[in-house]
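Visitor: sequence-free structure coming up:
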């Protein structure tokens, strides 16, 4: 973190003066910890999206959580009272499908440590699921995701195939999923750590955040320049690191995992550090009016 990086008093802790907010055409929002926590929508979230719509600023919901399909996320977002279409929802599973098509176009049989919802999404994309009870066929590739239904048998079999040298992809690196419940939701990254301890192998690719191609795909889709999109999220090592790699503005909000203390320790310098997304809406409105 440079000497010039000075954190201020809330609600705007830092704003890079070189960022021109009036140019922003689309905002990519992380979901859990940014617009809601667990199953609870933040009280200001709905009005933020209404204000963005009035400003003519589009948005994409972007999440690393691969325990649900894009279809499931659409249902959840609509139930929360927000506007969404399949077109503006991107998950780490979406990024994984894109990676597999690029690098393993001929692979069909895969072993997935993931929920039934995710496995169904893989099937919809043309893949054949090999499960832990199959004694006659081997998978060509292993995918590890955030599996809230993980069983010991599935974990052991998936780890076995990784140990046998099968290509191994993980959807995202998060070790814990945010929640408003009194528990810890062990996420995909923690399972990766277990598999490494057992087999000595790490995934050859992790297509979700902070991989810059996850945001790059959105930029290509809408023909956006780097100064026309920003990434908003609550995690430093995924959301803000992806923004840094993609060379776009990163907006860190303090409603989820990150704190000012962990930000100082990280060495990263997001372009904005805000208490929550409602402050971002204030700043965008002010910039658009003064344009």
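Guide: Cool, got the structure. None of the values given here were measured: they were computed from a predicted structure. Numbering: from 1, shown residues only.

Visitor: Go ahead and confirm residue 168 touches residue 144.
Guide: Yes: the pair residue 168 / residue 144 is scored as a contact, 7.2 Å apart, by Cβ atoms under 8 Å. Any C-beta I mention is one placed from the backbone N, CA and C, and that applies to glycine too.

Visitor: So for those two, which residue has more residues nearby?
Guide: The neighbour comparison of residue 168 against residue 144 (other Cβ atoms under 10 Å) goes to residue 144, with 28 against 23.

Visitor: what's the overlap in contacts for residue 168 and residue 144?
Guide: Residues touching both residue 168 and residue 144 (Cβ atoms under 8 Å, 6 or more residues apart in numbering): 195, 203.

Visitor: any idea how far residue 149 is from residue 261?
Guide: In this view, residue 261 and residue 149 are 35 Å apart by Cβ to Cβ, to the nearest Å.

Visitor: ok, the two, which is more surrounded?
Guide: residue 149 (13 against 8).

Visitor: Count the neighbours of the residue lying closest to the more buried one once chain neighbours are set aside for me.
Guide: Distances taken as Cβ to Cβ, 6 or more residues apart in numbering place residue 115 nearest to residue 149, at 5.3 Å, with adjacent residues excluded. Counted by other Cβ under 10 Å, the residues lying close to residue 115 total 20.

Visitor: Double-check residue 115 against residue 148; I have them as touching.
Guide: Yes: proximity of residue 115 to residue 148 meets the contact threshold set by Cβ under 8 Å, at 5.9 Å.

Visitor: got any residues that touch both of these two?
Guide: residue 67.

Visitor: how about the helices in the stretch 101-250 of the chain?
Guide: 116-124, 152-163, 188-199, 212-222, 241-246 (DSSP state H, counting those that start in this stretch).

Visitor: right, so those helices: which one is the most enclosed?
Guide: Comparing the helices of the stretch 101-250 of the chain by mean neighbour count (mean count of other Cβ atoms under 10 Å), helix 241-246 comes out on top with a mean of 22.

Visitor: Residues touching it, excluding its own?
Guide: By Cβ under 8 Å, 6+ apart, the surrounding residues in contact with helix 241-246 are 209-212, 214-216, 219, 226, 230-231, 249-251, 268, 270-271.

Visitor: Show me where the stretch 1-150 of the chain dips below the pLDDT cut-off.
Guide: 1-9 (pLDDT under 70).

Visitor: how about residue 173, phi and psi?
Guide: phi -100, psi 0 (degrees, to the nearest 10).
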